[in-house]
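Undergrad: Quick one, structure for this:
(one chain, ligands or ions: 1)
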Amino acid sequence: MQKKVIKKGRIYWPGKEIKKNAWVNSDKIYSKADKNPIKFWEDCAKELEWKIKWKKSYKEKIPFFKWFIGGKINICYNAIDRHLKNKSDKTALIWIPEPVNEKPIKITYKELHKQVCKTANLLKKFKVKKGDVVSIYLPMIPEVVIFMLACARIGAIHSVVFSAFSSDALKTRIKDNKAKLLITADGYYRKDKQEDLKKKIREAIKKTSIKNTIFVKRFDKRAKLNKKEFWYDEELKQVKEECLAKAFDSETPLFLLYTSGTTGKPKGIVHETGGYAVQAYKSTQLNFNIHDDDVMWCTADVGWVTGHTYMCYGPLLNGSTSIIYEGMINFPNPGRCWKIVQEHKVSVFYTAPTAIRMFKLWGEKWPEKYNLKSLKILGTVGEPIDYSTWEWYFKHIGHKKCPVIDTWWQTETGATLINSLPGIGPFIPSVSGKSFPGTKHTIMNEQGKLIKKGEGYLVQLSPFAPGMLRTIWKNKKAYKEKYWIFNNKLKQFYITGDAAEIDKKGYIRILGRTDDVMKVAGHRISTAEMEDAIINHKSISEAAVVSKPDKIKGEVPIAFVKSNQKINENEIIKLVVDKIGPIARPSEIYFVNDLPKTRSGKIMRRVLKTLLKNEELGELSTLVNPESVEEIKNAINSKKI
Ligand code: WT7
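TA: Presented below is the predicted three-dimensional model:
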């Protein structure tokens, strides 16, 4: 029997069957795209429908660049209307509520079209125009996709905020983008409990630009709303069904998505329409080998870029079926995901290493209870995946038949950039793969020079991928400084913020962040943001947050605080959870008399990290207060016992 995946040493290759079914199965796609990357992307773009074709494909003046200049497109039209001719009765979305007694809901392309058009008209009724920002704070329910597409249909910019983020986090984002309308829900289900969102929302919008709030009704009982609050279902009855999808300039902002950087404030990453549409479409098709009968399940919350691109836009642009699951992956038991795969014949399963580590911990007895034969491709994203987790995923979920596609990318890049393609391979545990066709990544050394082979800073070379960010919302300066300047010089390449290793064939292994950003269970969190929250405590004068390796979450935040009196750990935890959300909760807190610092007063987080890992400290001569190190070492050791 032909095996679907072939193992050679520690490397896996696609077998004949996979190659035969793949969109691309020969290395030629890389060499051809390499010769003329702009032409590669033009050819991809031609597969979508443009109202007016672009005049010039690509233009750059670093740090700025544009794609498909002069072209006019509507991404919502391409994600829905374009399929109505042949696929109007095909299921576009399958929504699975968390409570097991509630039935899944299937929405066809035709139904989605109707709902999105009405919703777009509703937005217009609320005076939303092209270029306006709409804040969306919705849980994992179909309406989140409907509202995103409705915004896109009329040229409004959506800013989706993860529904488990705190009230403060929502407020900070609204204050930055000045949205006038907030779309939200009365709540969602978590472990059979109703999570009420109303209180959080009312607190968040106080003293902001928000004028009106639209509530999607998730619970049976209708809560009491005030004058500026409206029920979505009731409002929808009052609008028309027809809404023309006007085409917009390719470089029209499509969405803002806030992410953590090295400062205390999250940055609004700006993605434009045309280039993003092209890359979301093509990367979904090639990475996951999407064909007509596929059902794609990207488990990421829509509040992250992964949910934007591979739960919403990517599958729909490909006319595929996308799963939206409301709840916890282990509710009511750790077999939930596999039950969903079996019931809905999921063929592409895309998740994060942290989830896979949980599955592994819960044991193979859970996936073994279900028929997972529908699975064809497994994906992973968000943080480096270690060898044994990769192998477990490959063996116990994919039954050694599904390629594991380890996709490297960022909120900033909009779509995947480094991974192997299923029909080409190879699939190497802990190695993401090559640059996606039409893109190029390499390594920069400490001196700012590009090297072809070895370890260093991962950078992207021109032409920059079409789905990349164009700027940071209302902050060009930060955009330039964060991604393009190294050693005080403007560089002609995009600096990713990651360290990586590249070999002579172009295979890339991601080593992790080089800045003060950590990945906690795949979520990107800035140490500065956490420190800012902690310093708000009146008795705390200084704080440093660093990450520590963790078996399940990859990394966890550890806080070191200097305070002038005894305080309870819970007060610190509350400050962090209130400012950011429960995902940022510090897992350990140390009270110290002093923090290791350089002569210029900079806290040496590297020293703290090394101490936590119990590793050799190395050179400490730059420290102004080396005695602080001993004290911290003792504190860490005494906690261990
Ligand atoms: C950072 C970006 C892009 C979707 C989710 C994360 C890390 C991402 C991988 C991978 C190793 C990875 C990088 C990157 N990362 N994918 N396959 N292997 N590391 O988006 O929250 O913007 O985080 O996640 O460090 O810079 P994000």
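Undergrad: packing partners for the helix or strand containing residue 524?
TA: In the assignment (DSSP states H and E), residue 524 maps to strand 523-526. Applying 3 or more C-beta pairs under 8 Å, 6 or more residues apart in numbering; DSSP states H and E, we find strand 523-526 packed against strand 517-520. Heads up, the C-betas are built off the backbone N, CA and C, glycines and all.
Undergrad: how far out from the middle of the chain is the strand it packs on?
TA: With C-alpha atoms, centre = their mean, to the nearest Å as the basis, strand 517-520 stands 13 Å off its chain's centre.
Undergrad: Would you mark the buried spots in it?
TA: Judged by neighbour count using 16 or more other C-beta atoms under 10 Å, the buried positions of strand 517-520 are 517-520.
Undergrad: The residues you listed also near the ligand: which ones?
TA: Counting by C-beta under 6 Å from any ligand atom, residue 519 from the buried residues of strand 517-520 sit close to the ligand.
Undergrad: quick revisit: what is the rounded mean pLDDT of the strand holding residue 524?
TA: For strand 523-526, mean pLDDT rounds to 90.
Undergrad: So is that strand next to the ligand?
TA: Yes. If you take C-beta under 6 Å from any ligand atom as the test, strand 523-526 does meet the ligand, through residue 524.
Undergrad: Can you name the next helix or strand after that strand?
TA: Downstream of strand 523-526 (by DSSP H and E), the next one is helix 527-535.
Undergrad: ok, the closest residue to the ligand within the stretch 201-350 of the chain - how many residues close by?
TA: Using C-beta to the nearest ligand atom, the closest approach of the stretch 201-350 of the chain to the ligand is made by residue 306 at 4.4 Å. When neighbours are defined as other C-beta atoms under 10 Å, residue 306 has 26 of them.
Undergrad: which helices and strands does the one helix or strand it maps to pack with?
TA: Assigned by DSSP H and E, residue 306 falls within helix 305-307. If contacts are counted by 3+ C-beta pairs under 8 Å, 6+ apart, helix 305-307 sits against no helix or strand.
Undergrad: Show the average pLDDT along the very next helix or strand once past it.
TA: Per DSSP H and E, the first helix or strand lying C-terminal to helix 305-307 is helix 314-317. The average pLDDT within helix 314-317 is 98.
Undergrad: which of the residues in helix 314-317 are buried?
TA: 314-317.
Undergrad: Describe which strands the next helix or strand after that helix pairs with in its sheet and in which direction.
TA: Next along the chain after helix 314-317, taking DSSP H and E as the criterion, comes strand 321-325. When pairing is defined by DSSP bridges, strand 321-325 lines up against strand 91-96 (parallel), strand 295-298 (parallel).
Undergrad: show me the contacts for whichever residue of the stretch 351-500 of the chain sits closest to the ligand.
TA: Per C-beta to the nearest ligand atom, residue 411 is where the stretch 351-500 of the chain lies closest to the ligand, at 3.4 Å. The contact partners of residue 411, taken as C-beta atoms under 8 Å, 6 or more residues apart in numbering, are 257, 259, 269, 304-305, 469, 524.
Undergrad: swap in residue 323?
TA: Residues in contact with residue 323 (C-beta under 8 Å, 6+ apart) are 93-94, 96, 295-298, 311, 340, 344, 346.
Undergrad: same deal with residue 367?
TA: 335, 338, 359, 396-397.
Undergrad: Would you check how far apart the residue of the stretch 51-200 of the chain found nearest the ligand and residue 144 are?
TA: Going by C-beta to the nearest ligand atom, the ligand is nearest to residue 162 of the stretch 51-200 of the chain, at 10.9 Å. Relative to residue 144, residue 162 is positioned 11 Å away (C-beta to C-beta, to the nearest Å).
Undergrad: And the buried residues of strand 517-520, which two are furthest apart?
TA: Maximum pairwise distance in these, criterion C-beta to C-beta, is 10.4 Å, between 517 and 520.
Undergrad: Near residue 504, how many other residues are there?
TA: The number of residues packed near residue 504 is 8, by other C-beta under 10 Å.
Undergrad: quick one: it from residue 27, how far?
TA: Applying C-beta to C-beta to residue 504 and residue 27 gives a distance of 15 Å.
Undergrad: same thing with residue 389?
TA: Distance from residue 389 to residue 27, by C-beta to C-beta: 28 Å.
Undergrad: now swap in residue 155 and tell me
TA: 40 Å.
Undergrad: just checking, residue 133 touches residue 256?
TA: Yes. Applying C-beta atoms under 8 Å, one finds residue 133 in contact with residue 256, separated by 6.6 Å.
Undergrad: helix/strand/coil for residue 332?
TA: Going by DSSP: H, G, I helix; E, B strand; the rest coil, the secondary structure assigned to residue 332 is coil.
Undergrad: I'd assumed residue 100 was in contact with it.
TA: Yes. With contact defined as C-beta under 8 Å, residue 332 reaches residue 100; the gap is 6.0 Å.
Undergrad: Quick one: residues in contact with the helix holding residue 306.
TA: Counting by C-beta under 8 Å, 6+ apart, 160, 257, 259, 269, 298, 300-301, 350, 381-382, 409-411, 414 sit against helix 305-307.
Undergrad: From those, pick the one nearest residue 282.
TA: The nearest one, if we look at those relative to residue 282 and count by C-beta to C-beta, is residue 414, at 11.9 Å.
Undergrad: Chain neighbours aside, what residue packs nearest to that closest one?
TA: Residue nearest to residue 414 in three dimensions, not counting chain neighbours: residue 467, with 3.4 Å by C-beta to C-beta, 6 or more residues apart in numbering.
Undergrad: residues contacting the one you found?
TA: 271, 275-276, 278-280, 283, 309, 413-415.
Undergrad: Put the buried members of these into a PyMOL selection.
TA: Those of the contacts of residue 467 that count as buried under 16+ other C-beta under 10 Å are selected in PyMOL with:
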select buried, resi 271+275+276+278+279+280+283+309+413+414+415
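Undergrad: what comes up buried for stretch 456-468?
TA: 456-460, 463-468.
Undergrad: Make TSV from those and add secondary structure to it.
TA: TSV is the format used below for the buried residues of stretch 456-468 (three-state DSSP):
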residue	secondary structure
456	strand
457	strand
458	strand
459	strand
460	strand
463	coil
464	coil
465	coil
466	coil
467	coil
468	coil
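Undergrad: Now for those: which two are most distant?
TA: Farthest pair in those, by C-beta to C-beta: 456 and 466, 25.9 Å.
Undergrad: Who are the packing partners of the worst-scoring helix or strand of the chain on mean pLDDT?
TA: Here the helix or strand of the chain ranked lowest by mean pLDDT, DSSP states H and E is helix 627-640, holding a mean of 86. Under the contact criterion of 3+ C-beta pairs under 8 Å, 6+ apart, helix 627-640 touches strand 588-591, helix 605-613.
Undergrad: how about low-confidence regions in the protein?
TA: For the chain, applying pLDDT under 70 flags the ranges 1-2, 640-641.
Undergrad: Give me every residue in it lying close to the ligand.
TA: Those residues of the chain that sit near the ligand, judged by C-beta under 6 Å from any ligand atom, are 259, 304-306, 381-384, 406-411, 432, 496-498, 510, 513, 519, 524.
Undergrad: just checking, which of these belong to strands?
TA: Mapping these onto strands (DSSP state E) picks out 259, 381, 406-407, 496-498, 510, 513, 519, 524.
Undergrad: I am finished for the moment; much appreciated.
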